[in-house]
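Enquirer: just the structure for this:
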Amino acid sequence: MLRHRLIVALLCVLCSSTIGLAQGLCPTSTTSDKLICLLPGTFDAGLTLQSNGHQGHFGADSFLSNGLTPLNSALATQSVLLPLASPSSGLTFAWDSAAKVFLPTTDSLGPVLAERAETIGKHRFFLGFSYRYFKFDSIDGLSLKNDMPSVFTHIDDSIDVPGRTCSINPPDTTSNEGPCGFVRDVIKTNSRFDLKIHEFTTFAAYGITDRIDVSVAIPIKEVRMGVSSNATIVNNSLSFDHLFPTPNCASPCLTSSFAAAQTASGIGDITLRAKGTAWKGEKSAVALGVDVRVPTGDQLNFLGAGAAGVRPFFVFSHRSRVSPHLLVGYEVNGSSVVAGNVLTGDKQRLPSALTYAGGADIWLTKWLTAAFDLTGQEVFQAQRLTIATFHELGACNSPECLPADPNDPNSGFKTPNQDPNLTKMTGSYNLTNASVGAKIRPVAGLVITINAEIKINDGGLRSRFTPLIGAAYTF
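Expert: The predicted structure is shown next:
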């Protein structure tokens with residue numbers, strides 16, 4: 001073969017029951033239009049080697065299996081766990097039996113990303129729209145814009161040495177020496193990632209009774225994903241068995257750069273909600289509700305989770321000039337490919353999350369309300385990323401890669417290099433934002449919303465600043 005793709009070697013070691021699904025998700029012979037395949041396809045093409053008497057195989061412990069899975073999972077998970085703007089109306093009504101009319105139940109126009117216990121009012125209808133822009137800049141405290149390092153190691157191979165397995169994890173000391181020295185080579189990459197989401201959400205709510213309303217949130221998303229990477233072959237074997245193609249690189253070609261970007265758009269996961277006021281005092285109220293997320297979005301394009309989710313929640317709110325409110329919920333999700341392994345197609349359960357939002361909306365005038373909240377999630381046992389230290393095998397002192405011999409100055413190996421390496425881990429994390437906004441009522445029934453979320457900590461996939469604008473009408 002004149003060209004050797006790194007991912008082929010990884011796919012070859014998968015069991016036969018998963019190869020068909022893996023090829024269906026991200027076939028190596030064609031260009032996929034799915035975002036879930038962007039990173040595997042980009043690294044597959046960008047790390048293609050030229051032939052030099054040896055078939056170059058890297059990837060068994062590489063970024064593709066170690067770092068790509070949690071990166072894809074984090075994008076998919078966070079894109080569906082992002083808190084929606086409140087689908088409750090800025091105006092709520094109750095029937096005044098004496099006046100025989102519906103009257104507003106509160107002067108405040110309510111929270112933005114939180115919730116209040118009052119329902120919209122019997123037979124009232126609410127229609128709303130919001131737009132939010134997410135520009136993700138970090139994941140688990142690691143900047144997506146700074147170089148994210150990965151190390152590609154050589155897989156076990158016997159092509160050059162028939163009858164003998166050459167390995168970086170040998171059963172004996174001769175499996176990466178002599179003619180097996182080529183397995184000491186590694187490929188190091190430094191990559192940057194660009195992740196953006198435009199989210200357009202339509203809300204509708206209807207009051208069944210004075211204490212119960214139902215609502216639906218229908219998001220339309222545009223997701224953009226890009227990657228650029230610089231790769232370097234570390235020629236520890238001194239054999240130059242592994243080289244990049246030379247059209248744009250002087251021989252021996254040990255460096256390469258590659259990049260790709262892709263956009264997908266469409267409907268996201270629809271969320272259905274039922275909320276009922278369980279207790280109502282003169283000024284305070286408690287409500288119970290449940291959100292059901294329906295997997296209507298294309299999971300392979302990160303438009304949806306690929307699995308249903310259920311979130312029961314509790315709401316407390318108090319009506320006054322400064323109206324405090326609190327929401328606590330617990331979300332349970334099903335299994336999805338985006339939370340599993342995109343190379344094999346294996347599904348895993350999306351992480352559960354404790355969600356919360358609390359703060360106050362402040363009545364300033366009859367047409368203006370300010371809203372302040374802390375919103376967040378405690379996400380349990382999710383795939384995460386960290387930077388670990390990778391220890392290379394020492395470079396050979398000669399192309400023959402001979403073991404150390406006190407009588408031969410050209411034998412033995414140099415001190416091994418230590419490289420930073422993007423690695424996956426499993427653990428819980430907290431994601432908390434500060435939300436600051438305002439609601440304006442220019443005319444009766446119409447409410448305009450302006451809001452901004454500012455990240456407070458670095459857990460998960462984060463956007464430093466997330467603006468929101470919206471409009472809603474109640475009739």
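
Enquirer: from here on, contacts and neighbour counts on C-alpha atoms
Expert: Will do.

Enquirer: low-confidence stretches in the chain?
Expert: By pLDDT under 70, the low-scoring segments of the chain are 1-24, 27-30, 51-81, 83-107, 159-160, 171-174, 342-343.

Enquirer: so where do the helices sit in it?
Expert: For the chain, the helices defined by DSSP state H occupy 6-12, 16-25, 38-46, 63-66, 68-81.

Enquirer: is residue 346 in a bridge, and if so with what?
Expert: Counting by DSSP bridges, residue 346 is bridged to residue 341.

Enquirer: against residue 380, how distant is it?
Expert: Counting by CA to CA, to the nearest Å, the gap from residue 346 to residue 380 is 20 Å.

Enquirer: now do the contacts for the residue nearest to residue 316 when sequence neighbours are not counted.
Expert: Using CA to CA, 6 or more residues apart in numbering and skipping the chain neighbours, the partner closest in space to residue 316 is residue 286 (4.6 Å). Contacts for residue 286 (CA atoms under 8 Å, 6 or more residues apart in numbering) come out as 117, 277-280, 314-317.

Enquirer: who does residue 286 bridge with?
Expert: For residue 286, the residues forming beta bridges with it (DSSP bridges) are residue 279, residue 316.

Enquirer: before we move on, back to that, narrow the contacts of residue 286 to those that are buried.
Expert: Neighbour-count burial (16 or more other CA atoms under 10 Å) applied to those gives 117, 277-278, 314-317.

Enquirer: out of the residues you listed, which is nearest to residue 242?
Expert: residue 314 (59.4 Å; CA to CA).

Enquirer: quick one: that closest one and residue 291 touch, right?
Expert: No: contact criterion CA atoms under 8 Å: residue 314 and residue 291 do not qualify, at 11.2 Å.

Enquirer: distance check, residue 142 against residue 385.
Expert: Residue 142 is 8 Å from residue 385, by CA to CA.

Enquirer: so these two - more neighbours on which side?
Expert: Counted by other CA atoms under 10 Å, residue 142 and residue 385 do not tie: residue 385 has more neighbours, with 24 against 20.

Enquirer: just give the nearest non-adjacent residue to the more buried one, would you?
Expert: Using CA to CA, 6+ apart and skipping residues adjacent in sequence, the residue nearest residue 385 is residue 424, 4.6 Å away.

Enquirer: count the neighbours of residue 334 for me.
Expert: The number of residues near residue 334, taken as other CA under 10 Å, comes to 18.

Enquirer: and the nearest residue to residue 244 once chain neighbours are set aside, bridged to which residues?
Expert: Excluding the flanking residues, the one nearest residue 244 by CA to CA, 6+ apart is residue 49, at 4.6 Å. On the basis of DSSP bridges, residue 49 is bridged to residue 4.

Enquirer: would you agree residue 49 is in contact with residue 240?
Expert: No: with contact defined as CA under 8 Å, residue 49 does not reach residue 240; the gap is 11.4 Å.

Enquirer: compare the two (neighbour count), which wins?
Expert: Of the pair residue 49 and residue 240, residue 49 is the one with more neighbours under other CA under 10 Å, namely 23 against 19.

Enquirer: can you name the farthest residue from the center of the chain?
Expert: residue 407 (55.5 Å; CA atoms, centre = their mean).

Enquirer: please tell me how far that residue sits from residue 180.
Expert: Here the criterion is CA to CA. By it, residue 407 lies 22 Å from residue 180.

Enquirer: same question, residue 438
Expert: 67 Å.

Enquirer: between those two, tell me which one has more neighbours.
Expert: residue 180 (24 against 21).

Enquirer: just give the closest residue to that one, not the sequence neighbours.
Expert: Nearest to residue 180 is residue 166, by CA to CA, 6+ apart, at 5.2 Å.

Enquirer: who touches the one you found in this structure?
Expert: 156-158, 175-176, 180, 183.

Enquirer: closest to residue 214 among those?
Expert: Using CA to CA, the contacts of residue 166 come closest to residue 214 at residue 156, 58.1 Å.

Enquirer: now for the closest one: which residues touch it?
Expert: Residue 156 touches 165-168, 183, counting by CA under 8 Å, 6+ apart.

Enquirer: just the buried ones from the residues you listed?
Expert: Using 16+ other CA under 10 Å, the buried members of the contacts of residue 156 are 165-168, 183.

Enquirer: dump these into CSV; add distance to residue 258 as well.
Expert: Shown next, in CSV, are the buried ones among the contacts of residue 156 (distance: CA to CA, whole Å):
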residue, distance to residue 258
165, 32
166, 30
167, 28
168, 27
183, 24
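
Enquirer: ok, these vs residue 472, which is closest?
Expert: Residue 472 lies nearest to residue 168 out of those, by CA to CA, at 61.5 Å.
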